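Student: quick one: sequence and predicted model below, then my questions.
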Amino acid sequence: MEELGVIQLGKIAYESGLFKDIRNPEQAVIKILKGQELGLPPITALESIFVIDGRIALSSSLIASRIKTSGKYDYKTTEKTPKRVVIEFYENGKKVGESSFGEEEAKRAGIMDTWGVQKYPESTFWARALTSGARTYCPDVFMGGSIYVAEELIREKEQDKTGQDEKKDNDVPAKKPEPKLVTKKQVNYLWFKAKEKNLDSESLFTLIRDNTGKTELEQLTYSDFNKVLGLIEAM
């Protein structure tokens, strides 16, 4: 695909309004170009690749499918419970290692209190174990680039922000903190999850209004975000 074609596709994708997480044509172009590196058609790239704070994230289903169709690597989930997930990784039919994620790792990562872990621990742990194993055992499938799901980068950004805020407030008298509002990255992620469940914008806003009382995505607090995300994932 010629460069001009990619630019035109990015512009069309943005102007179509079908990809709610795309904020500008340039972002769409980056998604398409990253998709080309992974051998993906443009629409699949636009649906499954995310740009979060300048970093690339992939959907867990895309990561899984790329491993399965690589012709070189494979994986098998050997344990999947609300407490722990274990995934074995294979190269040319031979086991090369395994990756696990569970309550202990979730506590260290600071995600035990999130809606995903509280309501859908198996799915959350599975996605984390998959990406960790992909980074360790088959990074060449992803051209040696970063292998993250969106939730990892969003959470990492939130933790960095929290750490910076705590440092700034170290010498300031304690006061009751204001509820944190969602970031643009979290708004983008809600649009992505809604699209996965075939929710149109009207249905999404109805869900938000009925369960949080808010009328705009930008009005959601971090707690609202976790609640709405959990409701979408439960569909």
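Tutor: That came in fine, so what should we check first?
Student: just after the lowest-mean-pLDDT helix or strand in the chain, pick out the following helix or strand.
Tutor: Confidence across the helices and strands of the chain bottoms out at helix 150-168, with a mean of 59, counting by mean pLDDT, DSSP states H and E. Sequence order places helix 184-196 as the next helix or strand after helix 150-168, per DSSP states H and E.
Student: where does Asp74 sit: helix, strand or coil?
Tutor: For Asp74, the assignment made with DSSP: H, G, I helix; E, B strand; the rest coil gives strand.
Student: so it is in contact with Ile67, correct?
Tutor: Yes: with contacts counted by CB atoms under 8 Å, Asp74 reaches Ile67, the gap being 6.8 Å. In this view, the C-beta of every residue, glycine as well, is placed from N, C-alpha and C.
Student: those two: which has the busier surroundings?
Tutor: Per other CB atoms under 10 Å, whichever of Asp74 and Ile67 has more neighbours is Ile67, with 22 against 17.
Student: could you say which helix or strand holds the more buried one?
Tutor: Secondary structure from DSSP H and E places Ile67 in helix 60-68.
Student: what does the pLDDT read for Lys227?
Tutor: Reported pLDDT at Lys227 in the predicted model: 79.
Student: contacts only, for it.
Tutor: Lys227 sits next to 115, 211-212 when contact means CB atoms under 8 Å, 6 or more residues apart in numbering.
Student: how far away is it from Cys138?
Tutor: To Cys138, Lys227 is 35 Å away according to CB to CB, to the nearest Å.
Student: now swap in Tyr148 and tell me
Tutor: 15 Å.
Student: mind giving me the domain ranges of the chain?
Tutor: Each structural domain of the chain that the record assigns through automatic domain parsing is listed here as a residue range: 3-52, 63-151, 179-235.
Student: and the strands in the protein, which stretches?
Tutor: Taking DSSP state E to define them, one finds strands in the chain at 49-52, 55-58, 73-80, 84-91, 94-102.
Student: and the closest residue to Gly35 other than its chain neighbours, how many neighbours does it have?
Tutor: Counting by CB to CB, 6 or more residues apart in numbering, the nearest residue to Gly35 once its immediate chain neighbours are dropped is Ala45, at 2.4 Å. Close neighbours of Ala45, defined as other CB under 10 Å, add up to 24.
Student: between Asp74 and Ile67, which contacts overlap?
Tutor: With contacts taken as CB under 8 Å, 6+ apart, not a single residue reaches both Asp74 and Ile67.
Student: how about JSON lines for the strands of the chain, with mean pLDDT and distance to Lys119 added?
Tutor: Below are the strands of the chain laid out as JSON lines (pLDDT from 0 to 100; distance: least, CB to CB, whole Å):
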{"stretch": "strand 49-52", "mean pLDDT": "80", "distance to Lys119": "22"}
{"stretch": "strand 55-58", "mean pLDDT": "80", "distance to Lys119": "21"}
{"stretch": "strand 73-80", "mean pLDDT": "97", "distance to Lys119": "16"}
{"stretch": "strand 84-91", "mean pLDDT": "97", "distance to Lys119": "16"}
{"stretch": "strand 94-102", "mean pLDDT": "95", "distance to Lys119": "16"}
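Student: can I get the ones you listed in CSV with distance to Glu152?
Tutor: Converted to CSV, the strands of the chain look like this (distance: least, CB to CB, whole Å):
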stretch, distance to Glu152
strand 49-52, 9
strand 55-58, 7
strand 73-80, 18
strand 84-91, 15
strand 94-102, 11
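Student: which of those sits closest to Gln36?
Tutor: Put simply, out of the strands of the chain the one that sits nearest Gln36 is strand 49-52, at 10.7 Å, with distance taken as CB to CB.
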